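Enquirer: sequence-free structure coming up:
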């Protein structure tokens, strides 16, 4: 949402955009001071269509980082938005949701505006990157793994099914994916899978193959990640009679970070290249 001067005052996401926008202008919602303030200041609504909840979540976080809208920051109720935290300082890092950033050697991604959406995202990503969730002391010498290993939601470092190095490499790929480098993660998995097969490590190659296929399914549904991972400004242009509209999409590191649009008048008779 934009204020009268064009400044971005709020970034959000919704499945039903019409209902979501209407909710801000319904007097029954004005008990919330933030909603009341947005309704008073909003002058324009801009939207971007995404293909999945995961894509919307990542785009929302990037737009908030870029624009720092005043109504996406903490208000008087001291509400803290959720982050995805990777406990990188641990020998076998875990992936958790937190509302507080600390200088503890962990890596943080966010903030996000919906803890429910973050949980759904992690449930999806766990199928591609089966990270630890249990509180066991990982020695690699346990006799039996937990149920998650049997249903392929854990790599089983507790029984030595993977080494510490292999597990941390998988978590690093998860971090790169959250940063928007999905294609880079796929290329890395393909390379490691071939190396494992050439070394006749067929079980390891099969694990990497399964992970590769899961990541590919996620990336294929995301149209807001460029195929090259390059920095690009993509221009869309449309005109009707005397008016024209130009939209510029800013892609950095393969991620859509935002867009600007320009409405031009008096373009009748002008060549499109000149406009």
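Expert: Everything's here; your move. Source: prediction; values computed, not measured.

Enquirer: ok, the spatially closest residue to residue 4 that is not a sequence neighbour - contacts?
Expert: Counting by CB to CB, 6 or more residues apart in numbering, residue 43 is the residue found nearest to residue 4 once chain neighbours are left out, at 4.4 Å. To be clear about C-beta, it is placed using only N, CA and C from the backbone, and glycine gets the same treatment. Counting by CB atoms under 8 Å, 6 or more residues apart in numbering, residue 43 touches 2, 3, 4.

Enquirer: emit the ChimeraX select command for whichever of the residues you listed are buried.
Expert: Selection of buried members from those for ChimeraX, criterion 16 or more other CB atoms under 10 Å:
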select :2,3
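
Enquirer: quickly name whichever of the contacts of residue 43 is closest to residue 67.
Expert: Using CB to CB, residue 2 comes nearest to residue 67 of the contacts of residue 43, at 9.9 Å.

Enquirer: the closest one against residue 8, yeah?
Expert: Yes - with contacts counted by CB atoms under 8 Å, residue 2 reaches residue 8, the gap being 5.9 Å.

Enquirer: ok, the spatially closest residue to residue 17 that is not a sequence neighbour - how many residues close by?
Expert: Setting aside the residues directly before and after it, residue 17 is nearest to residue 47 in space (CB to CB, 6+ apart), at 5.9 Å. Neighbour count of residue 47, defined by other CB atoms under 10 Å: 12.

Enquirer: for residue 5, see how far away residue 47 is.
Expert: 20 Å (CB to CB, to the nearest Å).

Enquirer: equivalent analysis for residue 131, please.
Expert: 44 Å.

Enquirer: neighbour-wise, which of the two wins?
Expert: residue 131 (22 against 8).

Enquirer: please name the nearest non-neighbouring residue to that one.
Expert: Nearest non-adjacent residue to residue 131 (CB to CB, 6+ apart): residue 95, at 4.8 Å.

Enquirer: please apply the same query to residue 148.
Expert: Per CB to CB, 6+ apart, closest to residue 148 is residue 154, 3.9 Å.

Enquirer: on the three-state scheme, the one you found is what?
Expert: Put simply, residue 154 is coil when judged by DSSP: H, G, I helix; E, B strand; the rest coil.

Enquirer: residue 136 is in contact with that one, correct?
Expert: No - judged on CB under 8 Å, residue 154 makes no contact with residue 136 at a distance of 10.4 Å.

Enquirer: the helices in the stretch 1-150 of the chain, which residues?
Expert: For the stretch 1-150 of the chain, the helices defined by DSSP state H, counting those that start in this stretch occupy 17-24, 33-41, 53-67, 115-128, 147-150.

Enquirer: buried sites along whichever helix or strand comes after the shortest one?
Expert: Under the assignment DSSP states H and E, the closest C-terminal helix or strand after helix 147-150 is helix 164-178. For helix 164-178, a neighbour-count test (16+ other CB under 10 Å) marks 167, 168, 170, 171, 172, 173, 174, 175, 177, 178 as buried.

Enquirer: next one: stretch 15-32 to chain centre, how far?
Expert: 25 Å (CA atoms, centre = their mean, to the nearest Å).

Enquirer: rounded mean pLDDT for that stretch, please.
Expert: Stretch 15-32 comes out with an average pLDDT of 88.

Enquirer: renumber starting at 50 from here on
Expert: Let's use 50 as the start, then, which means that last one is stretch 64-81.

Enquirer: what distance separates the start and the end of it?
Expert: 21 Å (CA to CA, to the nearest Å).

Enquirer: ok, now how distant is residue 287 from residue 99?
Expert: Taking CB to CB as the measure, residue 287 falls 21 Å from residue 99.

Enquirer: looking at these two, which is more packed in?
Expert: Counted by other CB under 10 Å, residue 287 and residue 99 do not tie: residue 99 has more neighbours, with 19 against 9.

Enquirer: nearest to residue 136, of the helices of the stretch 50-199 of the chain?
Expert: Short answer: helix 164-177, nearest of those by CB to CB, at 13.8 Å.

Enquirer: buried stuff in that closest one?
Expert: So helix 164-177, judged by 16+ other CB under 10 Å, has buried residues 166, 167, 170, 171, 174, 175, 176, 177.

Enquirer: where does the closest residue to the fifth one other than its chain neighbours land on pLDDT?
Expert: Leaving aside its sequence neighbours, residue 174 sits nearest to residue 223 (CB to CB, 6+ apart; 6.5 Å). As predicted, residue 223 sits at a pLDDT of 90.

Enquirer: kind regards, and thank you for your time.
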